[in-house]
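1. after the sequence you'll find the predicted model.
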Amino acid sequence: MPQLLNYIKAGLVVFIVLVQPLAYAETMRIAFGSCYSQNTPSEEIWRVIAAKDPSLTILMGDNLYIDSADPKKFAKDYASLANNKGFQELLTQSDMLATWDDHDYGLQDGGKEFSAKQLAKEYFVDFFDYSELKNIAPAEGIQHSRTITVGDKTVRIILLDTRWYRDKLSLSNQAEELRMRFQLGAYIPHTDESTTLLGAKQWQWLEETLAKPVDLNIIVSSIQFLAEYTGWEIWANFPHERRKMLNLLNRYSYKKAVIISGDVHRAETSMMTVNDWELYDVTASGLSANVYPAKPNVHRLGDSHIIHNFGMFYIESTDAGLKVKSVLYDALGKELSTHVIPIAN
């Protein structure tokens with residue numbers, strides 16, 4: 001396969017291969033978002049994000065809508081993002097990490113069965129081109145992590161792969177008319193606990209990663225974690241895997257974890273009490289792709305924002321520990337909602 005960078009302007013290559021900073025001052029700003037469609041391109045959304053002056057930007061999947069196994073389509077779509085002037089401007093001032101979801105993976109709602117997943121991985125790694133991606137073994141998905149320091153505190157960003165290892169989803173037998181009435185999708189939770197979302201290799205890697213202590217774990221999941229039984233793609237379609245994640249976080253990251261997610265083409269914040277602590281799932285989805293109506297979510301806090309959006313974490317290291325504020329913004333940079341995430345010291 002030709003290297004993707006052959007399709008990218010030579011000037012942009014310099015931006016992509018900059019050495020990644022690992023240490024930050026007493027405060028840090030992290031931007032995050034998902035669902036950017038090259039079919040409804042926008043330079044301005046990247047400029048609005050850049051105006052918030054993030055030290056780091058995390059793309060959580062559906063970073064493009066490729067939906068193909070054709071290498072020419074991968075090359076064309078990645079080149080369109082590379083040549084986006086707003087995206088280029090953001091890269092000049094912000095480090096970037098990324099994972100994928102189904103549309104940039106290449107198959108809508110796709111999992112391990114996708115025949116072109118190796119091709120998709122090669123283009124993804126070539127495009128984002130940072131060391132943690134390059135060090136992934138050829139036969140594995142794109143799960144990876146980075147640990148940074150904010151002041152004297154450590155923050156680890158764990159980017160999961162919800163595609164490479166995932167078994168097929170279980171289809172609902174409910175009538176479409178009934179599902180549409182209640183805004184439910186086509187899927188139901190698996191009852192077979194041998195099915196997997198993350199796969200054995202990724203689970204082993206994740207536990208080994210979480211076992212290394214840090215002051216905060218930011219878990220990046222391309223699909224929502226806390227929402228329950230919506231009929232769409234969520235962790236609750238694999239309830240045994242969702243319980244496993246909750247157990248791992250409670251064991252290794254007690255009161256020191258937050259999840260960010262995408263996929264759903266709207267913005268919202270969810271919270272669930274895990275034993276005696278609050279776990280947040282902040283969803284920022286719809287950088288430029290069409291937005292969708294709200295779906296059922298018993299853990300949602302406040303409103304679901306049906307508008308193009310992105311999120312920001314404001315992280316401050318103090319003598320009393322880390323302070324974390326989550327803010328969701330619309331595409332003009334106007335604040336939609338704010339939550340303070342409690343972190344144990």
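-> Done, it's in.
2. poorly predicted segments of the stretch 101-250 of the chain, please.
-> Residue ranges of the stretch 101-250 of the chain with pLDDT under 70: 182.
3. residues making contact with the longest helix belonging to the chain?
-> Among the segments of the chain that qualify as a helix by DSSP state H, the longest is helix 239-252. Applying Cβ atoms under 8 Å, 6 or more residues apart in numbering, the external contacts of helix 239-252 come out as 189-190, 193, 196-198, 203, 206-207, 210-211, 217, 219, 225, 235-236, 257, 274-275, 279. For glycine as for every other residue, the C-beta is placed from the backbone atoms N, C-alpha and C.
4. for the most centrally placed residue in the chain, give me its contacts.
-> Centrality entry for the chain: nearest residue to the mean C-alpha point is M60, 2.5 Å, by Cα atoms, centre = their mean. Neighbouring residues of M60 by Cβ under 8 Å, 6+ apart: 32-34, 98-99, 101, 220-222, 260-263, 284-285.
5. again, only this time at 7 Å
-> Neighbouring residues of M60 by Cβ atoms under 7 Å, 6 or more residues apart in numbering: 32-34, 99, 220, 222, 260-262.
6. filter these down to just the ones in helices.
-> Using DSSP H, no member of these falls in helices.
7. in PyMOL, select just the buried ones from the residues you listed.
-> A single PyMOL command is used to select the members of those judged buried by 16 or more other Cβ atoms under 10 Å:
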select buried, resi 32+33+34+99+220+222+260+261+262
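8. got the contacts of M60 as a markdown table, with distance to Q183 columns?
-> As requested, those are exported to a markdown table (distance: Cβ to Cβ, whole Å):
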| residue | distance to Q183 |
| --- | --- |
| F32 | 25 |
| G33 | 23 |
| S34 | 20 |
| T99 | 26 |
| V220 | 26 |
| S222 | 21 |
| I260 | 23 |
| S261 | 18 |
| G262 | 19 |
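9. and T209, how many neighbours does it have?
-> 18 (other Cβ atoms under 10 Å).
10. tell me the secondary structure for it?
-> The assignment at T209 comes out as helix when based on DSSP: H, G, I helix; E, B strand; the rest coil.
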